[in-house]
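A.B. asks: below: sequence and its predicted model.
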Amino acid sequence: MEFQVKDNTFYVLLNKDGKPFALAVDVAEASLEETLRLVMQVRAQLAVSQMRGEARARGLHKLTAVQVDKAVRSTRARRKA
């Protein structure tokens, strides 16, 4: 594991086998909960953005509402079985 600290920054990037796996961020005690909430929000936004990109790449953005409803009903029926 290696640590990378840059001058005048408020974070440490942790790498394992040359690949980043964690980010440590300087946080004031008074804003810890707000910082955590913001990090979680950004991670969720990134996940949604990635899902949208994957759906677009697969052509799923062209489905009609009727086709989406049919796919949802079919999936739910299979999960119940």
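C.D. replies: Arrived safely, thanks for sending.
A.B. asks: Arg73 is in what secondary structure piece?
C.D. replies: With elements taken from DSSP states H and E, the one containing Arg73 is helix 65-80.
A.B. asks: other residues contacting that helix?
C.D. replies: Leu63 (CB atoms under 8 Å, 6 or more residues apart in numbering). Quick note: C-beta positions are derived from backbone N, CA and C, even for glycine.
A.B. asks: 10 Å instead, please
C.D. replies: Counting by CB atoms under 10 Å, 6 or more residues apart in numbering, helix 65-80 makes contact with Leu60, Leu63, Thr64, all of which sit outside it.
A.B. asks: in JSON lines: those, plus pLDDT, neighbour count and distance to Thr75.
C.D. replies: Below are the contacts of helix 65-80 laid out as JSON lines (pLDDT from 0 to 100; neighbours: other CB atoms under 10 Å; distance: CB to CB, whole Å):
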{"residue": "Leu60", "pLDDT": "94", "neighbour count": "14", "distance to Thr75": "13"}
{"residue": "Leu63", "pLDDT": "95", "neighbour count": "13", "distance to Thr75": "13"}
{"residue": "Thr64", "pLDDT": "96", "neighbour count": "8", "distance to Thr75": "17"}
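A.B. asks: in a markdown table, list those along with distance to Gly53.
C.D. replies: As requested, the contacts of helix 65-80 are arranged in a markdown table below (distance: CB to CB, whole Å):
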| residue | distance to Gly53 |
| --- | --- |
| Leu60 | 11 |
| Leu63 | 16 |
| Thr64 | 21 |
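A.B. asks: quick one: which of these is nearest to Glu33?
C.D. replies: Leu60 (36.5 Å; CB to CB).
A.B. asks: next up, the contacts around that closest one.
C.D. replies: With contact taken as CB under 10 Å, 6+ apart, Leu60 is in contact with Met51, Arg52, Glu54, Gln67, Val68, Ala71.
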